[in-house]
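Peer 1: turn this into a structure:
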Amino acid sequence: MMEERYFPIFERVPDEAFVAAWREHVQATGYPERFDQVSTAKPHNLADVRLLSGELRVPVLLREGQSWVPCPLCTPNSPKFKTGRMAWFPHEKTVQFIGHECAKNHIGEDYRKAEERFSQELKCRRYIKQWGQLQHRLRALNYLVDRLLPIASALETCRYQLDKDAPGFALFLHRELRWSAGAITIMEDNGLKDERGRGILERRDLGTVQGLDFLEGDGQPAAALKKHKATLEDIERPLPEWRADSDDPASTEEILQRGSKGVGVLNKLRQALASIDSARRFLEAPNLLLLERWAQHGESPFASLEFSREGNRVFLRSETFEARHYSNIIVPKELYASLPDGSNLEPLEEI
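Peer 2: Numbers count the residues shown, from 1 in each chain. Next up is the predicted model:
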């Protein structure tokens, strides 16, 4: 028979220091239920439960006889589980370590709500602590966007000219190439014959078309960068004051929205840098020559194709099973400016 402990002393949700000290105790001893002021007696009012930790696997090797942990919800006097969560029961004014599967079964909808709330609180804590990291990088991030914008605007200009002159061509070509990630192969007679005298065909790689990002989507990388710039401006403002033990849904919602957007901008800028680097390769002369070589074979979707570059001009004349297209693109000199360093786009330190 295990001794039941009862500490109805917690008028409000315990702070992070209490939970951190409890975690250290668990890892050092293997006895989450023996931490100071943790109750083990069965609670009777389970409403409005608040979770204080994620799922924690107890190091049972540290426990006498490697026993499991008793669950106060259903078996307070005998071993029951190895993985559980710390919880605060406001009506009981107790803190208890409960089995996570037991809690789902015994508490029901209130436990589901508690899980959702805990997930939000965890995100709020992470965003608040990562906000400082973002602000520390702001100068470098703004410099990166400012350097990228002229290149992205040049890409938009080229794509706009292509879409204006040859509507549908970019999306058509992207559809034809995306399934192979731009790789082009053809069947070619290798000069040998089989036992029946028929020519033997074998597949040959022509090459890989670079810069499929140029053909994809709406072709507006500069517009996307301007949205990211607005997010960087928002990061300059501090997040609102927030505490997990205060019921302030407005502050919570603001932190979740702004935090998600702010932390996510690093990944979006990383993708934008890679996409712009890729997209501007599409209009290079060797790339266009590869497309022309492809068009000379019957396996391509082209009846005829002229796609060439001379200086800052790109000329297109195409006939496919869908349509005929013509375009004369003037490539801005800004397209091939040097790209900024992306070292400040590394993921933030996880909290």
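Peer 1: so what's the closest residue to Phe89 other than its chain neighbours up against?
Peer 2: Nearest non-adjacent residue to Phe89, counting by C-beta to C-beta, 6 or more residues apart in numbering: Pro43, 4.9 Å away. From N, CA and C alone the C-beta is placed, and that goes for glycine too. Pro43 makes contact with 72-73, 89, 92, 94, 96, according to C-beta atoms under 8 Å, 6 or more residues apart in numbering.
Peer 1: helices - which of those residues land there?
Peer 2: Among the contacts of Pro43, no member is found in helices (DSSP state H).
Peer 1: kindly reformat these as a markdown table containing neighbour count.
Peer 2: Below are these laid out as a markdown table (neighbours: other C-beta atoms under 10 Å):
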| residue | neighbour count |
| --- | --- |
| Pro72 | 28 |
| Leu73 | 20 |
| Phe89 | 23 |
| Glu92 | 21 |
| Thr94 | 22 |
| Gln96 | 28 |
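Peer 1: export the residues you listed as a markdown table, with columns for distance to Gly264 and pLDDT.
Peer 2: Shown next, in a markdown table, are the contacts of Pro43 (distance: C-beta to C-beta, whole Å; pLDDT from 0 to 100):
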| residue | distance to Gly264 | pLDDT |
| --- | --- | --- |
| Pro72 | 40 | 91 |
| Leu73 | 38 | 90 |
| Phe89 | 36 | 96 |
| Glu92 | 39 | 94 |
| Thr94 | 38 | 96 |
| Gln96 | 36 | 95 |
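Peer 1: dump these into JSON lines; add distance to Leu134 as well.
Peer 2: Converted to JSON lines, those look like this (distance: C-beta to C-beta, whole Å):
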{"residue": "Pro72", "distance to Leu134": "41"}
{"residue": "Leu73", "distance to Leu134": "41"}
{"residue": "Phe89", "distance to Leu134": "37"}
{"residue": "Glu92", "distance to Leu134": "40"}
{"residue": "Thr94", "distance to Leu134": "38"}
{"residue": "Gln96", "distance to Leu134": "37"}
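Peer 1: how about the contacts made by the residue lying closest to Lys229 once chain neighbours are set aside?
Peer 2: Distance criterion C-beta to C-beta, 6+ apart; nearest residue to Lys229, sequence neighbours excluded, is Val145 at 5.2 Å. Going by C-beta under 8 Å, 6+ apart, Val145 touches 225, 228-229, 232, 269.
Peer 1: please report how far Glu109 lies from Phe81.
Peer 2: Glu109 is 21 Å from Phe81, where distance means C-beta to C-beta, to the nearest Å.
Peer 1: also Phe18?
Peer 2: 22 Å.
Peer 1: just Arg293 next, same as before
Peer 2: Taken as C-beta to C-beta, the span from Arg293 to Phe81 is 66 Å.
Peer 1: you'd agree Ser78 is up against Pro72?
Peer 2: No - using C-beta atoms under 8 Å, Ser78 is not in contact with Pro72, being 11.4 Å away.
Peer 1: shared neighbours of those two, anything?
Peer 2: Common neighbours of Ser78 and Pro72 (C-beta under 8 Å, 6+ apart) do not exist.
Peer 1: you'd agree Asn87 is in a strand?
Peer 2: Wrong residue type there; residue 87 is Ala, not Asn. Yes - membership of Ala87 in a strand is supported by DSSP: H, G, I helix; E, B strand; the rest coil.
Peer 1: check contacts around it.
Peer 2: With C-beta under 8 Å, 6+ apart, Ala87 has these contacts: 49-52, 95-98, 103, 114.
Peer 1: list the ones among those residues that fall in strands.
Peer 2: Members of the contacts of Ala87 lying in strands (criterion: DSSP state E): 50-51, 95-98.
Peer 1: adding distance to Ser119, write those out as JSON lines.
Peer 2: Converted to JSON lines, the ones in strands among the contacts of Ala87 look like this (distance: C-beta to C-beta, whole Å):
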{"residue": "Arg50", "distance to Ser119": "13"}
{"residue": "Leu51", "distance to Ser119": "9"}
{"residue": "Val95", "distance to Ser119": "20"}
{"residue": "Gln96", "distance to Ser119": "20"}
{"residue": "Phe97", "distance to Ser119": "19"}
{"residue": "Ile98", "distance to Ser119": "17"}
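Peer 1: which of those residues sit farthest apart?
Peer 2: For these, the maximum inter-member distance is 13.7 Å, found between Arg50 and Phe97 (C-beta to C-beta).
Peer 1: quick one: contacts for Arg137?
Peer 2: Arg137 is in contact with Asn344, counting by C-beta under 8 Å, 6+ apart.
Peer 1: shouldn't Asp110 be within a strand?
Peer 2: No - under three-state DSSP, Asp110 falls outside any strand and is assigned helix.
Peer 1: measure it to His91 for me?
Peer 2: The spacing between Asp110 and His91, counted by C-beta to C-beta, is 11 Å.
Peer 1: which stretches in the stretch 51-200 of the chain count as strands?
Peer 2: For the stretch 51-200 of the chain, strands defined by DSSP state E, counting those that start in this stretch occupy the ranges 56-57, 69-71, 75-81, 83-89, 94-99, 183-193, 199-208.
Peer 1: pick the most buried one from these.
Peer 2: Among these, the stretch with the highest mean neighbour count (mean count of other C-beta atoms under 10 Å) is strand 94-99, at a mean of 25.
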